[in-house]
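Enquirer: Sequence and predicted structure below; questions after.
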Amino acid sequence: MKIGIFALQGDVAEHIKAIEASGCTPVQVRNPQDLDNLSGLVLPGGESTTFWKLSNRIGLDKKIISLSKEGFPIFGTCAGLIMMSRDIEGYPNQPTWNIMDVTVRRNAYGRQLESHVETIHAKDIGDVSVAFIRAPFITRVGEKVEVLSCDKEGNIIFVRQGNFLGAAFHPEMTGDIKIHNFFCDIARRV
Ligand code: GLN
């Protein structure tokens, strides 16, 4: 089973390793046609404004949005989650792909570049070691969105809406591949 990784910017290499470790074949997605014949797509962490600019220039964003409307499995981490959100608090003019019915707050834990690794508990998955890097969190979820994990303060950090997963953190940086396995299982069942 082939899983695409949005590869115009962001931490692509770590996701490639995690997808391989989950028993799937990673495919780097740089053009709209790279999305053909895939079973799912991972949107890595990076810089959400750059994701938008680079993908919009070549029409990759339009194809991702149209596939999402057909229920194509998509997993966004950090900046990837921001791109999947409906809107961003305090950034009314920053475009998103409006794939999940959530509102996010960018850099919600502060702007420090320093990462911190933490073990979170995710519903249906269990304890997972993940990294937070200039992470957002989710401040609103729509009716169809299931909350899979919150941080210690109760802020929402991991959600599912049908075949879509959105994580505020990076699960690809710690070698703990439970969340990638979970996503590959979603893609396998479609
Ligand atoms: N702060 C970044 C953004 O707003 C996301 C950071 C990340 O993906 N690690 O795009």
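Expert: Yes, it's here.
Enquirer: Please identify the residues of this protein in proximity to the ligand?
Expert: Residues of the chain lying close to the ligand (Cβ under 6 Å from any ligand atom) are 45, 46, 47, 48, 78, 79, 82, 106, 107, 133, 134. No exception for glycine: its C-beta is placed from N, CA and C like everyone else's.
Enquirer: What about those, which one has the most neighbours?
Expert: With neighbours defined as other Cβ atoms under 10 Å, the most crowded of these is residue 82; it has 31 neighbours.
Enquirer: Report the secondary structure state of the residue nearest in space to the middle of the chain.
Expert: Nearest to the mean C-alpha position of the chain, by Cα atoms, centre = their mean, lies residue 76 at 0.9 Å. Three-state call for residue 76 (DSSP: H, G, I helix; E, B strand; the rest coil): strand.
Enquirer: My guess is it contacts residue 166. True?
Expert: Yes. Using Cβ atoms under 8 Å, residue 76 is in contact with residue 166, at 5.0 Å.
Enquirer: Please enumerate the helices of this structure.
Expert: 12-21, 48-57, 60-69, 79-84, 178-189 (DSSP state H).
Enquirer: nearest to residue 138, of those helices?
Expert: helix 79-84 (7.7 Å; Cβ to Cβ).
Enquirer: Quick one: mean pLDDT for that closest one?
Expert: Helix 79-84 carries an average pLDDT of 98.
Enquirer: how about the CA coordinates for it, as PDB?
Expert: Extracted in PDB, the C-alpha atoms of helix 79-84 (Å, rounded to 0.1, in the frame of the first residue of the first chain):
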ATOM      1  CA  ALA A  79       1.700  22.600  10.300                       C
ATOM      2  CA  GLY A  80      -0.100  19.800   8.400                       C
ATOM      3  CA  LEU A  81      -2.900  20.000  11.000                       C
ATOM      4  CA  ILE A  82      -3.000  23.800  10.500                       C
ATOM      5  CA  MET A  83      -3.500  23.300   6.800                       C
ATOM      6  CA  MET A  84      -6.300  20.800   7.400                       C
END
